[in-house]
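>>> Just need the structure, nothing else, for what follows:
(one chain, ligands or ions: 1)
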Amino acid sequence: MSIQVRDLRKTFGHFKALDEVSLTFNSGELVALLGPSGCGKTTLLRIIAGLEYPDSGAVLFSGEDATFTHVRERGVGFVFQHYALFRHMTVFDNVAFGLTVRPRRQRPSRGEIAERVHRLLELVQLDWLADRYPDQLSGGQRQRIALARALAVEPRVLLLDEPFGALDARVRKDLRGWLRRLHDELHVTSIFVTHDQEEAMEVADRIVVINQGRVEQVGTPQEIYNAPASPFVYGFIGDANRLCGHAADGWAELAGLRVPAPEFGQSEPRQVTGYIRPHDIQLQAGDQGEGVAVRVESVSQVGAALRVSVRIPDGDTSLQVELPHSGGRWPFQVGEPVKALPRAARVFAG
Ligand SMILES: Nc1ncnc2c1ncn2[C@@H]1O[C@H](COP(=O)(O)OP(=O)(O)OP(=O)(O)O)[C@@H](O)[C@H]1O
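Okay, here's the model as predicted:
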């Protein structure tokens, strides 16, 4: 099922939590709502769920207005960060819950419920825990059971609010891969909230970047990473060197680095801010050749990459550079003069 939100606004007192938010979530897509704390992600998710109503604007499910449809009638499944499974119920009964509380006429038979619960427990690979109680599970297992429980009622939409937020880094990483695979199997339209850019990049088909209640950019993880639409997105997604300078005649001068700036064709210099990814800077040993002369400040190896910090002499600007490194001796030593040449940059006014 597709979901559309149109011109959503929501205020709490004088505070604008959502400001003219319009988005389309395609049927069967897995979309991440990504942004810093307090930007409005959860408010948007709650409005889609029917747990909150907007001040104005509309929510459409498969093209039909569902803005004020009751949460029970929307056919949504939820998983929250601290999803309280019923402590006095076994895993089996927790997953069966949504089916057993249905009115008699809509309720599947006991046999059908048992079959569906076991199928879901197999899907989340925890069938062997059916008789345990929530207190006897790890945090990661609890979230998988919470997901099985949300899926039991065959929701048309799955909404996940920081589902792995409370888990440690290792378990989070495992569960991300697992969620992606599960989604590929089920294709339920799913929206998940996260403030973790790596999680969004790894799991989502598309990412919606939100800042202060407004949509900054929507795109695939590659689009968002390779072509950030605003300084905010540059600062929020991936690492970037941020440099101030001036631009005119199609070129920008950023702390001594000269980069193309085709949007600034005017002859009067304008103040700009440029962003350069660490892996978009080339380093060449010595003081010959193209680029700006810099000095190596520090070198460290992180996995298969070499992180080099270099200092531009006229001022106190440091550049972070990332180079692939397959082992062996480091090509640059601290204190050495090198030439830095940016291969790609993006320049914004101001
Ligand atoms: N019921 C409420 N009453 C007053 N203010 C609220 C209410 N719910 C949310 N807010 C405010 O609206 C803003 C957006 O909140 P929201 O929970 O949507 O942010 P978020 O992006 O999900 O943040 P986080 O990642 O920290 O959960 C916040 O500043 C929050 O304090």
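>>> Going by C-alpha atoms from here, please, whenever you check contacts or count neighbours.
OK.
>>> Tally up the residues packed near L341, please.
When neighbours are defined as other C-alpha atoms under 10 Å, L341 has 19 of them.
>>> Neighbours of the residue lying closest to I47 once chain neighbours are set aside, how many?
Nearest in space to I47, with sequence neighbours left out and distances taken as C-alpha to C-alpha, 6 or more residues apart in numbering, is Y53 at 5.5 Å. Y53: 21 surrounding residues under other C-alpha under 10 Å.
>>> Run through the residues that contact V296.
Applying C-alpha atoms under 8 Å, 6 or more residues apart in numbering, we find V296 in contact with 308-311, 332-338.
>>> Now with 10 Å, please.
285, 308-312, 318-319, 332-339 (C-alpha atoms under 10 Å, 6 or more residues apart in numbering).
>>> just R107 next, same as before
Counting by C-alpha under 10 Å, 6+ apart, R107 has contacts 98-101, 113.
>>> could you say what helices and strands the lowest-mean-pLDDT helix or strand in the chain packs with?
None of the helices or strands of the chain scores lower by mean pLDDT, DSSP states H and E than helix 169-186, at a mean of 84. Under the contact definition 3 or more C-alpha pairs under 10 Å, 6 or more residues apart in numbering; DSSP states H and E, helix 169-186 sits against strand 30-34, helix 110-123, helix 139-152, helix 197-203.
>>> I'd like the next helix or strand past it.
strand 189-194 (DSSP states H and E).
>>> Can you dump the C-alpha atoms of that next one in PDB for me?
Taking Å, rounded to 0.1, in the frame of the first residue of the first chain, the C-alpha atoms of strand 189-194 are listed here in PDB:
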ATOM      1  CA  THR A 189       5.400  -0.800   3.000                       C
ATOM      2  CA  SER A 190       7.700   0.100   5.900                       C
ATOM      3  CA  ILE A 191       8.800   3.400   7.500                       C
ATOM      4  CA  PHE A 192      11.400   3.500  10.100                       C
ATOM      5  CA  VAL A 193      12.700   6.300  12.200                       C
ATOM      6  CA  THR A 194      16.400   6.600  13.000                       C
END
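>>> Would you give the sheet partners of it, along with the direction of each?
Partners of strand 189-194 in the sheet, by DSSP bridges, are strand 30-34 (parallel), strand 157-161 (parallel).
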